[in-house]
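Colleague: sequence plus predicted model, see below.
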Amino acid sequence: MSEKKSGLKRHSAEEQQFYEREARLQYGPGTVNESIERWNSYDDVEQEAIVAEGNQIYVDLAEAMEAGKVADDRQVVDILDRWQGHLRRFYEPSLDLLRGLGQMYNSDPRFIANFQDIHCGLPAYLERVIDDYVDDLETAELERMLAEDEELEKRRQNLSR
């Protein structure tokens, strides 16, 4: 992958403060404060490892894209599972938040520029595979809830006999 770079750039302290304020307005202070607390709980070595882990996830997704992998390919799903786990180092991401990140990766000029530094087609690919990934997670959650409802109904029927 000749145009691939090593990953996303780190922000200056001033940029980070700006992004934190912006995120508080968009997502509320709870999630942002939780993220800051978690980040600050890591030592410098852990922080560097987390940054490297995140960068590798996006590089791996760019490589999957170049290889023609689609959203339901096991390799892509595994990478997106790692992505979701990576986000958990900062906060517990809801399905809506995951989907919103995928959309923002391909609509916010700052995200687009950062991801295009890894690969020019990565922003659109991220939106597409994350959207499908979240659809699959939602389907699995609905199926789990339906199975629970069916099990409860069976128990009720057995008790009423």
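Modeller: Thanks, I have the structure now.

Colleague: let me know the distance separating residue 59 from residue 114.
Modeller: Using Cβ to Cβ, to the nearest Å, residue 59 is found at 13 Å from residue 114. C-beta coordinates here come from the backbone N, C-alpha and C atoms, glycine included.

Colleague: only the buried residues of stretch 134-149, if you could.
Modeller: 134, 137 (16 or more other Cβ atoms under 10 Å).

Colleague: in the chain, where is pLDDT below threshold?
Modeller: Counting by pLDDT under 70, the chain contains low-confidence ranges at 1-7, 9.

Colleague: give me the spatial nearest neighbour of residue 93, chain neighbours excluded.
Modeller: residue 87 (4.6 Å; Cβ to Cβ, 6 or more residues apart in numbering).

Colleague: let me see the contact set for the one you found.
Modeller: 93, 98, 101 (Cβ atoms under 8 Å, 6 or more residues apart in numbering).

Colleague: and the one helix or strand residue 65 maps to, what other elements does it pack with?
Modeller: Secondary structure assignment for residue 65, by DSSP states H and E: helix 44-66. Counting contacts by 3 or more Cβ pairs under 8 Å, 6 or more residues apart in numbering; DSSP states H and E, helix 44-66 packs against helix 74-87, helix 109-118, helix 122-159.

Colleague: neighbouring contacts of that helix?
Modeller: So helix 44-66 is contacted by 1, 4, 6-8, 10, 39, 42, 73, 75-76, 79-80, 82-83, 86, 89, 115, 118-119, 121-122, 125-126, 129 (Cβ under 8 Å, 6+ apart).

Colleague: buried subset of those residues?
Modeller: The neighbour count (16+ other Cβ under 10 Å) marks 7-8, 76, 79-80, 82-83, 86, 89, 115, 118-119, 122, 125-126, 129 as buried among those.

Colleague: nearest to residue 35, out of those residues: which one, please.
Modeller: residue 89 (9.1 Å; Cβ to Cβ).

Colleague: residues touching that closest one, list them.
Modeller: 38, 42, 50.

Colleague: including distance to residue 135, could these go into JSON lines?
Modeller: Listed next are the contacts of residue 89 as JSON lines, based on distance: Cβ to Cβ, whole Å:
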{"residue": "38", "distance to residue 135": "28"}
{"residue": "42", "distance to residue 135": "32"}
{"residue": "50", "distance to residue 135": "28"}
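
Colleague: hang on, the earlier thing: nearest to residue 155, of the buried ones among the contacts of helix 44-66?
Modeller: residue 80 (35.5 Å).
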